[in-house]
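Peer 1: sequence first, then the predicted structure, then my questions.
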Amino acid sequence: MTGITLSDIRKTYAGGAPVLHGVSMDIRAEEFVVIVGPSGCGKSTLLRMIAGLETCEEGEIAIGGRRVNEVAPRDRDIAMIFQNYALYPHMTVRENIAFGLELRGMKRAARTARAEDVARMLHLDPYLDRKPGALSGGQRQRVAMGRAMARDAGVFLMDEPLSNLDNALRVEMRSEIKALHRTVGATLVYVTHDQTEALSMADRVAVMHGGYLQQFDTPAAIYDRPANRFVAGFLGQPPMNFLLAGDMPGWRGARDVTLGLRPDMIALAPAGQGLPGRVILSEMTGSDVTLHVDTDAGRLVVTAPRHSVEGMEETVGLRPDLSRAHVFDSATGQRIAPRHETVSMMT
Ligand SMILES: Nc1ncnc2c1ncn2[C@@H]1O[C@H](COP(=O)(O)OP(=O)(O)OP(=O)(O)O)[C@@H](O)[C@H]1O
């Protein structure tokens, strides 16, 4: 059983400023964990440290209960899949998948059988004799995954594996990777800056920012109870609105806190009712419309079903559902549990 324990991991590249400031995480065996965060937050560095491609001088990395700080990458029971996968153009799919097994001392017949097993799992069996040049982008990416899977490692590490694919393929590969994870039953740590990948694939999401782990929890918990203002604003599309409680008519709690309202927590009302607003931009997103509305409390982004805005005037009323508002300490940005959460947590 190959869980991963990260204890107080710190990293400073030679001559640079610290990029990880003490990250601790307990990843369970067979768990699918997505590390997500904006560019430069340190997520690739953390993954590369787990892989052994970057040194770890401060803190401890344990894989399967064994400290691996001093263990070479090839002896860590991991397989890594990068964004820029390299396939050998002169080799067939079968040979590309089997590549690497020879170095590990596997006999030819066993290598071929293993490659064919993996190809079946990835629906690549019709292409075993083709060369990469005759495959689509998604198929090539699957071959790269196949090469890593052929290793039969306890841990798979993936760094933005889908970022070179077009949107339709990304959506398809998301569900394939998730299904694959279930079949293979290995521990999977996946790095991305894409919140949709994080929320849709992970058992648990680790949100990073500025070299700190901000929150590590299930996608639903992170979306419903973001630990701080950064997490709240980073996950969710369109992003959450933030406003000062003191500016919001009808708010009955502390007035010096920041309220977070997701765009679907604000309903539209006819002009003259609720909070007065002026629509400055309306974007059709399919069945919904995203409205950018200027109010005395600041600019608010609101999503509404398209039919509900037909014939709408430029001036509107807004009715924020303050009972569902997220509440943050304005000074620290930390979440303050609203009263209904505190009550339900106690019972
Ligand atoms: N080899 C290196 N030497 C010096 N600094 C580095 C090195 N690799 C990364 N950094 C710096 O460390 C910080 C974190 O980089 P890292 O690649 O881990 O971030 P990231 O969150 O994965 O970003 P991205 O999504 O852009 O890849 C950045 O400021 C980066 O410039």
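Peer 2: Looks like it came in fine.
Peer 1: for the residue in the stretch 101-250 of the chain positioned nearest to the ligand, give me its contacts.
Peer 2: With C-beta to the nearest ligand atom, the shortest gap between the stretch 101-250 of the chain and the ligand falls at His193, namely 4.9 Å. In this view, the C-beta of every residue, glycine as well, is placed from N, C-alpha and C. Taking C-beta atoms under 8 Å, 6 or more residues apart in numbering, we find His193 in contact with 36-39, 43, 160.
Peer 1: could you work out the most separated pair of these?
Peer 2: Pro38 and Glu160 (13.1 Å; C-beta to C-beta).
Peer 1: the more surrounded of these two?
Peer 2: Here Pro38 and Glu160 are compared on neighbour count by other C-beta atoms under 10 Å; more neighbours surround Glu160, at 19 against 13.
Peer 1: pretty sure the more buried one sits against Met173.
Peer 2: No. Checked against C-beta atoms under 8 Å, the pair Glu160 and Met173 is beyond contact range at 12.0 Å.
Peer 1: now do Arg28 against Leu20, distance only.
Peer 2: According to C-beta to C-beta, to the nearest Å, Arg28 stands 22 Å off from Leu20.
Peer 1: of those two, which one has the most company?
Peer 2: Ranked by neighbour count (other C-beta under 10 Å), Arg28 and Leu20 place Leu20 first, with 26 against 15.
Peer 1: could you look up the SS state of the residue nearest to the more buried one when sequence neighbours are not counted?
Peer 2: Nearest non-adjacent residue to Leu20, counting by C-beta to C-beta, 6 or more residues apart in numbering: Lys11, 4.1 Å away. Assigned by DSSP: H, G, I helix; E, B strand; the rest coil, the conformation of Lys11 is strand.
Peer 1: and Lys11, how far from the ligand?
Peer 2: With distances taken as C-beta to the nearest ligand atom, to the nearest Å, Lys11 is found 8 Å from the ligand.
Peer 1: please give me every residue in contact with that residue.
Peer 2: Lys11 makes contact with 18-20, 42, 45-46, 49, 54, 56, 58 under the criterion C-beta under 8 Å, 6+ apart.
Peer 1: which parts of the stretch 51-200 of the chain are helices?
Peer 2: 93-98, 108-121, 137-150, 167-184, 195-201 (DSSP state H, counting those that start in this stretch).
Peer 1: mind checking the pLDDT average for the first one?
Peer 2: Here helix 93-98 scores 93 as its mean pLDDT.
Peer 1: what's the neighbour count on the closest residue to Gly210 other than its chain neighbours?
Peer 2: Excluding the flanking residues, the one nearest Gly210 by C-beta to C-beta, 6+ apart is Cys41, at 6.2 Å. Neighbourhood size, Cys41 [other C-beta under 10 Å]: 23.
Peer 1: rewinding a little: filter the contacts of His193 by proximity to the ligand?
Peer 2: Within the set of those, contact with the ligand (C-beta under 6 Å from any ligand atom) is found for 37, 39, 43.
Peer 1: if we can go back for a sec, so the residue nearest to Gly210 makes contact with Ala206?
Peer 2: No. The criterion here is C-beta under 8 Å, and Cys41 misses it with Ala206 at 10.6 Å.
Peer 1: who wins for proximity to Ala86 among the helices of the stretch 51-200 of the chain?
Peer 2: Nearest to Ala86, of the helices of the stretch 51-200 of the chain and by C-beta to C-beta, is helix 137-150 at 7.9 Å.
Peer 1: average pLDDT for the closest one?
Peer 2: For helix 137-150, mean pLDDT rounds to 86.
Peer 1: tell me the contacts of the residue nearest to Gly210?
Peer 2: Per C-beta under 8 Å, 6+ apart, neighbours of Cys41: 208-211.
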